[in-house]
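J.: how would this look folded up:
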Amino acid sequence: MASLSVECLRCGEVRALETEEERRVDAGECPRCTYVGWATCEDVTEVTRKALRERPLERRRLRMA
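T.: Okay, here's the model as predicted:
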C-alpha cells in the first residue's frame, strides 16, 4: 500500500492515508473541523489555499480542469 498526504480544504489539517493502486480513497471528515473536502497536498497551491480561505464555506468548491 502507498501513502497519500491529503489536506482539508477548510482548515488545512494534513493527514496521511494508506491507498491501494487505482482506488478512490474516502478520507472521511476532518478530525479538526469536521469538513469533508480534501485534496492531495501536492495539488493545492498557496494561491488556491488563499482563495479557499477567503471564500465563504458554502461556496467552496475546487474545480478540476
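J.: which residues in the protein form helices?
T.: Under the criterion DSSP state H, helices of the chain are mapped to 46-54.
J.: ranking helices and strands of it by mean pLDDT, which lands last?
T.: Sorting the helices and strands of the chain by mean pLDDT, DSSP states H and E puts helix 46-54 at the bottom, at a mean of 84.
J.: any idea how many residues pack against the residue nearest to C8 when sequence neighbours are not counted?
T.: Spatially, and ignoring its direct neighbours in sequence, C8 is nearest to C30 (4.2 Å; Cβ to Cβ, 6 or more residues apart in numbering). (C-beta placed from N, C-alpha, C; glycine too.) Residues near C30, counting by other Cβ atoms under 10 Å, number 20.
J.: what do you get for A2?
T.: 8.
J.: in the least confident helix or strand of the chain, what counts as buried?
T.: The neighbour-count check on helix 46-54 (16 or more other Cβ atoms under 10 Å) flags L52 as buried.
J.: kindly report the same for stretch 27-36.
T.: C30.
J.: now that stretch: average pLDDT?
T.: Averaging pLDDT along stretch 27-36 yields 89.
J.: can you list contacts of that stretch?
T.: The contact list for stretch 27-36 (Cβ atoms under 8 Å, 6 or more residues apart in numbering) reads 6, 8-11, 13, 15, 17, 38, 57.
J.: apply 7 Å and report the result again.
T.: The contact list for stretch 27-36 (Cβ atoms under 7 Å, 6 or more residues apart in numbering) reads 6, 8-11, 13, 15, 17, 38.
J.: quick one: end-to-end distance for stretch 37-53.
T.: With Cα to Cα, to the nearest Å applied, stretch 37-53 spans 13 Å between its terminal residues.
J.: quickly note the distance from the residue nearest the centre of the chain to L52.
T.: What sits nearest the mean C-alpha location of the chain, by Cα atoms, centre = their mean, is W38, with 2.0 Å. Shown here: W38 relative to L52, a distance of 12 Å by Cβ to Cβ, to the nearest Å.
J.: common neighbours of those two, please.
T.: By Cβ under 7 Å, 6+ apart, the residues touching both W38 and L52 are L9.
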